[in-house]
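>>> Sequence first, then the predicted structure, then my questions.
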Amino acid sequence: MSSGTQIPIALHVPPSQLEQFQATSELSIAQAVVQDAYERKYDVVCMPLTTEAWKTRWQEMCLTTSSGVESPVARRDAKLEERAERWRAGEGFRRDEVTITKLDEAENVIAMASDWIELDSPDEGVRFDSEVALRQEISYAAYLNVHTFILPTPRNRAHAPDYARAVNAAFAACGPHSFVQVSIRIPIFDPTAFRSSSSFVHAPPTTQSVHGSPSSDFSVTWEMWDIIRTACAYSTRLSITLDLTPPLPATLGVLQRWAAEPTRHIFLPASTFIPNAKGYPVLTKATQAFLRDIIKYRPTIILSNTAAGVHTNGGESAYSQYVRHLEKTSPALQAMETPGTLENFAKGYMDYLQAPLQPLMDNLQSMTYEVFEKDPVKYYQYEEAVFRALSDRQPDSRTVICVAGAGRGPLVAGCLRAIERSSRNAVVYAVEKNVNAFVTLQERRDAEWGPLVTIVYGDMRTVELPEKADILVTELLGSFGDNELSPECLDGAMRFLKPDGISIPASYTAHLAPLSSSKLFMEVQSSPDQKFAETPYVVLFQAVNVLSGDGGGVRGKCGGRVQECWEFEHPRRDIPLDSQGLPYSNAHNTRSATLNFHIPHAGVLHGFAGYFEAVLYADVGLSIHPDRKEHISPNMFSWFPIFFPLRDPLYLPANSELQVFLWRLTDKRKVWYEWFAEAFLPKSAIAIPVVSAGGSLSSNGLMSPTPMSAIPAPSPLLDAPALGLWSSSAFADRSANATPRLQVELSTSPENDEGENGRIKIGQTTLHNPSGRSSWIGL
Ligand SMILES: C[S@@+](CC[C@H](N)C(=O)[O-])C[C@H]1O[C@@H](n2cnc3c(N)ncnc32)[C@H](O)[C@@H]1O
């Protein structure tokens with residue numbers, strides 16, 4: 001058996017191999033199969049629930065004609081028809097038709113439904129009789145407490161809804177107290193390779209044989225899965241057994257979509273392995289990379305046909321050993337085991353929806369501060385920013401630093417270290433409105449900090465300081481930058497900043513990407529209250545897929561994979577202020593974004609991922625932007641992304657465009673977000689092949705680079721060193737109130753410009769959270 005941390009490896013025992021096992025006085029056939037697998041060092045057995053005897057009886061009853069020949073036209077024997085009718089009325093299995101009869105035989109067995117069941121047969125009669133057979137099998141599996149029941153591959157796109165409806169009905173057949181998990185065996189692509197050349201035909205036929213046009217589209221099997229899980233209302237008891245029998249496509253975008261689905265098992269036959277130079281079984285580079293990544297979800301790997309000598313060297317154990325090698329060298333699993341990484345820190349938080357903090361309205365607990373303070377990266381970046389700002393000041397100057405929202409004091413300590421490193425003359429004021437944290441600040445002032453630090457209790461929007469500050473240091477940032485009301489708090493704190501004073505952070509931006517995730521959608525839907533589908537959450541994403549691609553899309557009008565929504569800059573000197581130095585209204589903190597995303601592969605939109613990036617000072621910053629964080633603030637784990645859910649999923653075909661509208665709105669008491677999206681299909685996309693995230697398929701089917709007609713705006717932080725624009729001296733030359741970031745015009749190609757007429761509207765979401773009815777942040 002495997003150790004607790006290893007992923008389980010199962011042995012697939014097909015119906016033909018069951019015959020090799022004999023029942024003895026001590027062991028039933030099922031027990032003999034399981035014992036044999038243990039001896040061969042497998043953890044679990046994957047075997048059929050039924051025998052050949054059941055197949056034979058079903059075929060006799062449901063397919064055979066009086067002449068014994070399967071024929072749609074011949075008249076059926078009246079006796080057979082009567083037998084079939086009695087069976088349809090609810091007759092069960094005979095003892096020799098099932099492989100398992102006792103509860104203890106079912107432990108450590110993944111059961112497979114009869115592989116001849118054709119819920120999507122072109123023949124209506126076969127479909128209905130297959131459904132009766134499935135109900136019988138699944139209710140028997142539930143009776144025996146089988147934990148997982150794998151259904152045969154859907155083979156016929158044209159009848160995928162028939163398959164889906166039958167699966168949903170089968171769940172009901174198990175009864176309300178069953179926990180049996182149903183897994184659909186799905187190849188990543190190319191169902192034609194799986195299409196049985198001799199589909200059953202019921203007699204007499206009631207419909208014409210329709211298979212739908214053969215398609216090599218990578219999306220077909222995923223589409224069938226999407227129909228099934230939608231018909232089953234995203235049941236948590238439904239999962240995927242991903243069948244890696246056909247070779248994997250090389251385009252990552254196609255593979256990524258399976259990461260956003262509940263893939264619990266991977267079916268990996270010996271034939272998928274290729275021989276290495278010494279004849280040992282190994283996997284192609286694409287399959288290796290795919291498995292190394294998906295292994296982080298701890299699927300059960302079902303190995304098949306490993307004893308058949310498909311490869312000349314290594315023997316049967318070489319396949320499991322190779323899987324273990326991939327597991328050991330999986331970067332995702334390694335990161336989870338390495339202290340100091342985000343993955344290690346957040347092991348228990350993956351894909352869990354958390355309500356964002358409201359540090360302005362609520363007083364944080366000491367435990368919450370304790371968790372923040374475990375992240376050395378954030379505090380180092382702040383210290384470095386203050387150090388650079390101090391170093392840019394005259395050596396003989398006196399600097400007043402104000403840390404507003406000091407919490408338990410880690411930024412104060414960072415400022416003191418920066419003062420020492422820069423050898424500047426400076427004092428620190430620490431402002432905090434959390435009465436409880438203020439006790440900790442008093443303690444640290446007395447025990448650690450001494451006379452350089454003055455602590456002030458109060459709200460930075462109203463408190464008075466004895467002198468004005470040169471540098472205002474705050475960390476009021478949420479996962480989306482402004483969602484913990486940093487803009488509003490800083491408006492108040494600007495009263496005590498000198499006219500030429502600076503804010504750390506100088507600016508922050510919010511970024512968005514369209515996201516698919518069954519898991520997150522199911523979590524949101526688990527509450528009937530619509531409020532939960534209109535609330536942004538903080539989530540560490542794992543089983544998700546970003547649906548957008550880079551490259552402008554078919555019309556050349558789309559932006560990048562992750563797009564910037566808006567920006568806040570501090571200090572902002574263009575706002576009229578009242579006699580107390582406060583803005584008259586909060587209107588200047590409203591924002592709106594209209595973003596156009598290219599969707600290269602078909603997918604289901606479940607919501608949006610939100611990220612932030614902040615310029616602290618010069619080129620020192622913080623980022624959780626998925627493509628830039630590792631360059632700007634590597635291994636920082638203080639913030640997880642934000643998730644804006646959708647109330648209903650929105651299907652997006654390959655090469656579609658998604659236009660997203662997001663608003664940050666405000667009244668006197670609160671701030672809230674509203675969101676809405678529309679889907680379009682470019683007219684010219686209807687005739688073109690699938691375009692991948694990183695390139696396009698040319699007419700000969702080979703990859704060619706995508707023409708970059710629209711480029712994403714570069715990061716102000718990332719691009720700074722490369723362009724040499726934001727060195728400290730270059731920044732010092734800029735006007736004091738300008739934020740150091742680049743403005744880049746998005747270019748579009750006029751020859752592709754078809755205007756609004758160039759695309760057809762295909763769908764939209766509802767408006768989420770109108771007037772902040774479900775979620776808001778209190779001022
Ligand atoms: C995210 S915590 C950061 C704490 C600390 N600076 C750190 O980095 O560990 C934000 C802190 O700002 C405080 N805060 C939020 N709004 C404030 C306001 N208007 N006036 C004073 N303090 C505020 C909160 O109580 C909280 O302690």
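Sure thing, it's come through.

>>> Can you name the residues of the protein sitting close to the ligand?
359-360, 364, 369, 372-373, 404-407, 410-411, 431-434, 437, 459-461, 475-476, 489 (C-beta under 6 Å from any ligand atom). The way it works is simple: take the backbone N, C-alpha and C, and place the C-beta from them, glycine included.

>>> Buried ones only from those, please, as a ChimeraX command.
Those of those that count as buried under 16 or more other C-beta atoms under 10 Å are selected in ChimeraX with:
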select :359,360,364,369,372,373,404,405,406,407,410,411,431,432,433,434,437,460,461,475,476,489
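
>>> Quick one: list the elements packing against the longest strand along the chain.
When the chain is parsed with DSSP state E, its longest strand is strand 603-617. Strand 603-617 sits against helix 376-391, strand 497-504, strand 507-516, helix 518-525, strand 620-623, strand 642-652, strand 656-666, strand 670-682, with contacts defined as 3 or more C-beta pairs under 8 Å, 6 or more residues apart in numbering; DSSP states H and E.

>>> hmm, try it at 6 Å
Secondary-structure packing of strand 603-617 (3 or more C-beta pairs under 6 Å, 6 or more residues apart in numbering; DSSP states H and E): helix 376-391, strand 507-516, strand 620-623, strand 642-652.

>>> okay, the ones you listed in JSON lines with mean neighbour count next?
Formatted as JSON lines, the helices and strands packed on strand 603-617 follow (neighbours: other C-beta atoms under 10 Å):
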{"stretch": "helix 376-391", "mean neighbour count": "21"}
{"stretch": "strand 507-516", "mean neighbour count": "26"}
{"stretch": "strand 620-623", "mean neighbour count": "27"}
{"stretch": "strand 642-652", "mean neighbour count": "21"}
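
>>> so can I have a markdown table of these showing distance to residue 116?
Below are the helices and strands packed on strand 603-617 laid out as a markdown table (distance: least, C-beta to C-beta, whole Å):
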| stretch | distance to residue 116 |
| --- | --- |
| helix 376-391 | 57 |
| strand 507-516 | 33 |
| strand 620-623 | 54 |
| strand 642-652 | 31 |
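
>>> would JSON lines of the ones you listed with mean pLDDT be doable?
Listed next are these as JSON lines, based on pLDDT from 0 to 100:
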{"stretch": "helix 376-391", "mean pLDDT": "98"}
{"stretch": "strand 507-516", "mean pLDDT": "98"}
{"stretch": "strand 620-623", "mean pLDDT": "98"}
{"stretch": "strand 642-652", "mean pLDDT": "97"}
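
>>> which residues touch the residue in the stretch 551-700 of the chain that the ligand sits nearest to?
Proximity of the stretch 551-700 of the chain to the ligand (C-beta to the nearest ligand atom) peaks at residue 638, 8.2 Å away. Going by C-beta atoms under 6 Å, 6 or more residues apart in numbering, residue 638 touches 372, 375, 378.

>>> which one of those residues is nearest residue 48?
The closest of the contacts of residue 638 to residue 48 turns out to be residue 375 (C-beta to C-beta; 50.9 Å).

>>> In contact with the closest one, which residues?
By C-beta under 6 Å, 6+ apart, the contact list for residue 375 reads 637, 638.

>>> Same check on residue 50?
For residue 50, the contact set (C-beta under 6 Å, 6+ apart) comprises 97, 98, 114.

>>> could you measure it against residue 117, distance?
Distance of residue 50 to residue 117, computed by C-beta to C-beta, to the nearest Å: 10 Å.

>>> And for residue 444?
In this structure, residue 444 and residue 117 are 69 Å apart, going by C-beta to C-beta.

>>> higher neighbour count, the two?
Neighbour totals were compared for residue 444 and residue 117, and residue 117 leads with 25 against 19 (other C-beta atoms under 10 Å).

>>> list the contacts for residue 163?
Going by C-beta under 6 Å, 6+ apart, residue 163 touches 119, 120, 154.

>>> count of neighbours near the nearest residue to residue 465 once chain neighbours are set aside?
In this structure, residue 465 finds its nearest non-sequential neighbour in residue 496, 4.6 Å apart by C-beta to C-beta, 6 or more residues apart in numbering. Residues contacting residue 496 under the criterion other C-beta under 10 Å number 23.

>>> Just list the residues touching residue 496, thanks.
Residue 496 touches 465, 468, 469, counting by C-beta under 6 Å, 6+ apart.

>>> By neighbour count, which of the residues you listed wins?
The residue in the contacts of residue 496 with the most neighbours, by other C-beta under 10 Å, is residue 469 (23 neighbours).

>>> Show me what the closest residue to that one other than its chain neighbours is bridged to.
Closest residue to residue 469 apart from its sequence neighbours, by C-beta to C-beta, 6+ apart: residue 402 at 3.9 Å. Note on residue 402: beta-bridge partners by DSSP bridges are residue 429, residue 472.

>>> quick one: residue 402 from residue 453, how far?
Separation of residue 402 from residue 453 (C-beta to C-beta): 11 Å.

>>> May I have stretch 656-672 as PDB, with CA atoms only?
Extracted in PDB, the C-alpha atoms of stretch 656-672 (Å, rounded to 0.1, in the frame of the first residue of the first chain):
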ATOM      1  CA  SER A 656     -15.100  34.100 -29.100                       C
ATOM      2  CA  GLU A 657     -14.600  37.500 -27.500                       C
ATOM      3  CA  LEU A 658     -15.700  38.300 -23.900                       C
ATOM      4  CA  GLN A 659     -16.400  41.900 -23.100                       C
ATOM      5  CA  VAL A 660     -16.300  42.500 -19.400                       C
ATOM      6  CA  PHE A 661     -17.600  45.500 -17.600                       C
ATOM      7  CA  LEU A 662     -16.500  46.200 -14.000                       C
ATOM      8  CA  TRP A 663     -17.400  49.200 -11.900                       C
ATOM      9  CA  ARG A 664     -16.100  50.500  -8.500                       C
ATOM     10  CA  LEU A 665     -18.900  52.600  -7.100                       C
ATOM     11  CA  THR A 666     -19.500  54.600  -4.000                       C
ATOM     12  CA  ASP A 667     -22.000  56.500  -1.900                       C
ATOM     13  CA  LYS A 668     -21.500  58.300   1.400                       C
ATOM     14  CA  ARG A 669     -21.400  55.100   3.400                       C
ATOM     15  CA  LYS A 670     -20.000  52.400   1.300                       C
ATOM     16  CA  VAL A 671     -18.000  51.200  -1.700                       C
ATOM     17  CA  TRP A 672     -19.000  48.300  -3.900                       C
END
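
>>> What's the mean pLDDT across it?
Averaging pLDDT along stretch 656-672 gives 96.

>>> Identify each buried residue in that stretch, please.
For stretch 656-672, a neighbour-count test (16+ other C-beta under 10 Å) marks 656-660, 662-666, 670-672 as buried.

>>> And those residues, which two are furthest apart?
Using C-beta to C-beta, the two most remote members of the buried residues of stretch 656-672 are 656 and 670, lying 34.8 Å apart.

>>> Tell me which residues are up against the longest helix seen in the chain.
In terms of residue count, the longest helix belonging to the chain (DSSP state H) is helix 124-143. The contact list for helix 124-143 (C-beta under 6 Å, 6+ apart) reads 49, 58, 62, 88, 111, 113, 117-119, 121, 149, 162, 166, 170, 173-174, 178, 180, 200, 202, 206-207.

>>> Good, wrapping up.
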